[in-house]
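A.B. asks: take this sequence and fold it.
(4 chains)
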There are 2 protein chains.
Amino acid sequence: MGMPNREDQVKALANETRIEVLRLLDDPATHFSKQESADPVEIGVCVQLLAEHFGVSQPTMSRHIELLKRAGFIVAKRQQKWTYCSRDDAALADYTRWLISSLNIKTF
Amino acid sequence: MGMPNREDQVKALANETRIEVLRLLDDPATHFSKQESADPVEIGVCVQLLAEHFGVSQPTMSRHIELLKRAGFIVAKRQQKWTYCSRDDAALADYTRWLISSLNIKTF
DNA sequence: TAGATAAATAGCGAATAAGCTATATGTCAA
DNA sequence: TTGACATATAGCTTATTCGCTATTTATCTA
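C.D. replies: You can find the predicted model right below:
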């Protein structure tokens, strides 16, 4: 996947809806267990279900997903009609490590 | 200072110039030792010097500083003609802790 | 082959962001 | 009190963001 674009990552997290999407995707079982086409934990959560959860239109959620994908924070796999979204925990950990070290934050 | 506004903080870090300002303010001695009106390490760095360093106009840097202040990431103290900016390390640490825990990032 | 469903894309409007110049305000020194 | 300097504010332009609806593309099913 190569070097992540920090500008993309920084912008991806500049929106509370997208942060919340990432938070929910950490525990899909709690909020998306009603998804029947595929196991939300194993495969991911489809765009439509995310749109419904946030009360935004499907194209709007599709755009959020695109930005999160570009940042590398989520992985989307197409399966039949659906695009299943899941978190890339390693990318998120990498980003926070970068942020902390580039700001030289010492205390934790 | 009360509860930090996470929206303000998230937006404050959505810009590479502001991230770089925070990075430089961690080590003012290296880049701002030429400041004569006050010790950059003890007191802070004035707006004009920051504007020069980044090659932006004084009002533009003033605006960046305002956003960083609102986020709580820098403290600005007015002294005579100057406004000296310094990092609030505790606020930055608090923000990163919030980010990590609200995204539930485990690996470090 | 139609029709239904999921997602992506195009295109629009309102709001926000980031730069600038010009001007106002505050502070100090002559 | 005037002039100089640092900062803040006002107002403008351009670009981006974020929402929407309408449409297109892809996939499945009757």
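A.B. asks: does residue A:77 lie in a helix or a strand, and which?
C.D. replies: Per DSSP states H and E: residue A:77 is located in strand A:74-79.
A.B. asks: now the closest residue to chain B within chain A: phi and psi?
C.D. replies: Here chain A gets closest to chain B at one residue, residue A:14, 3.3 Å apart by CB to the nearest CB. Just so you know, the C-beta spots here come from the backbone N, C-alpha and C atoms, and that holds for glycine as well. The phi/psi pair for residue A:14 (degrees, to the nearest 10) reads phi -90, psi 30.
A.B. asks: residue A:55 now?
C.D. replies: With angles defined as degrees, to the nearest 10, residue A:55 sits at phi 70, psi 30.
A.B. asks: mind checking how far stretch A:81-88 is from the chain centre?
C.D. replies: On the basis of CA atoms, centre = their mean, to the nearest Å, stretch A:81-88 sits 9 Å off its chain's mean C-alpha point.
A.B. asks: count residues in the vicinity of residue A:5, would you?
C.D. replies: For residue A:5, the neighbour count with other CB atoms under 10 Å in any protein chain shown is 13.
A.B. asks: picking up where we left off before, next one: the strand holding residue A:77, is it in contact with DNA strand C?
C.D. replies: Yes - using CB under 7 Å from any atom of the strand, strand A:74-79 reaches DNA strand C at A:76, A:78.
A.B. asks: how about that strand: buried residues?
C.D. replies: Neighbour counts over strand A:74-79 (16 or more other CB atoms under 10 Å in any protein chain shown) mark A:74, A:76 as buried.
A.B. asks: how about the helices in chain A?
C.D. replies: For chain A, applying DSSP state H gives helices covering A:6-12, A:16-25, A:28-32, A:47-54, A:58-71, A:89-102.
A.B. asks: which residues touch the fifth one?
C.D. replies: Residues outside helix A:58-71 that contact it (CB atoms under 8 Å, 6 or more residues apart in numbering or on different chains) are A:4-5, A:8-9, A:11-13, A:15, A:17-18, A:21-22, A:47-48, A:50-51, A:54, A:74-76, A:83, A:85, A:91, A:95.
A.B. asks: how far off centre is that helix?
C.D. replies: That offset, for helix A:58-71, works out to 9 Å (CA atoms, centre = their mean).
A.B. asks: quick one, that helix and helix A:47-54 angle?
C.D. replies: Put simply, helix A:58-71 runs at 110 degrees to helix A:47-54, going by axes from the mean of the first three to the mean of the last three CA atoms, to 10 degrees.
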